[in-house]
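Engineer: Turn this into a structure:
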Amino acid sequence: MKLAILACLAAVAMAAPQLQQGLPVVQVLRDERQQDDNGNFNYALETDNGIYMAASGVQGSQGQINIEGSYRLPDNEGGFQEVRYVANEFGVQVQSPLLPTPHPLPAHVQELLRIAEEQRAAGITFE
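Structural biologist: This next block holds a predicted model:
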């Protein structure tokens, strides 16, 4: 019986969360939250290492909740990167320099598109 209790205690000790060495402890500087019965809300969270999140939501015209917010995270160069977003009846729009952008079209593709536009304007069609 003592062995079973000892085994259970060892299992609990092993399952306890372990602090990883070298990870900084982050303090929450601000944590504000507001919500009403209509689904409207506001929140803001800020930590001492510069992480910041904020959003507000209001009831939309089609019963959805429209949300507008942003978050800021530290980058590897010592600066910060920000993402802004809006989610509403028109979908989600995200703005950030972090988002990938398409590569510019090669010159020959731009030329082919110009030719195709000239042909369309001249009424030339292909079947």
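Engineer: what packs against the strand or helix carrying Ala116?
Structural biologist: Using DSSP states H and E, Ala116 sits in helix 107-121. The helices and strands touching helix 107-121, judged by 3 or more Cβ pairs under 8 Å, 6 or more residues apart in numbering; DSSP states H and E, number zero. Placement of C-beta: from N, CA and C, glycine included.
Engineer: Name the residues that touch it?
Structural biologist: Identification of contacts with helix 107-121 by Cβ atoms under 8 Å, 6 or more residues apart in numbering yields Leu105.
Engineer: and that helix, how far out from the chain's middle?
Structural biologist: A distance of 38 Å separates the centroid of the chain from that of helix 107-121, by Cα atoms, centre = their mean, to the nearest Å.
Engineer: cool, stretch 72-80 as well?
Structural biologist: Distance, centroid of stretch 72-80 to centroid of chain: 15 Å (Cα atoms, centre = their mean).
Engineer: now the strands for this structure?
Structural biologist: For the chain, the strands defined by DSSP state E occupy 28-35, 41-47, 52-59, 65-74, 80-88, 91-95.
Engineer: Switch those strands over to JSON lines; also include mean pLDDT.
Structural biologist: JSON lines is the format used below for those (pLDDT from 0 to 100):
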{"stretch": "strand 28-35", "mean pLDDT": "94"}
{"stretch": "strand 41-47", "mean pLDDT": "95"}
{"stretch": "strand 52-59", "mean pLDDT": "94"}
{"stretch": "strand 65-74", "mean pLDDT": "93"}
{"stretch": "strand 80-88", "mean pLDDT": "94"}
{"stretch": "strand 91-95", "mean pLDDT": "92"}
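Engineer: Need those in TSV (columns: mean neighbour count).
Structural biologist: Compiled in TSV, these are given as follows (neighbours: other Cβ atoms under 10 Å):
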stretch	mean neighbour count
strand 28-35	10
strand 41-47	15
strand 52-59	16
strand 65-74	15
strand 80-88	15
strand 91-95	10
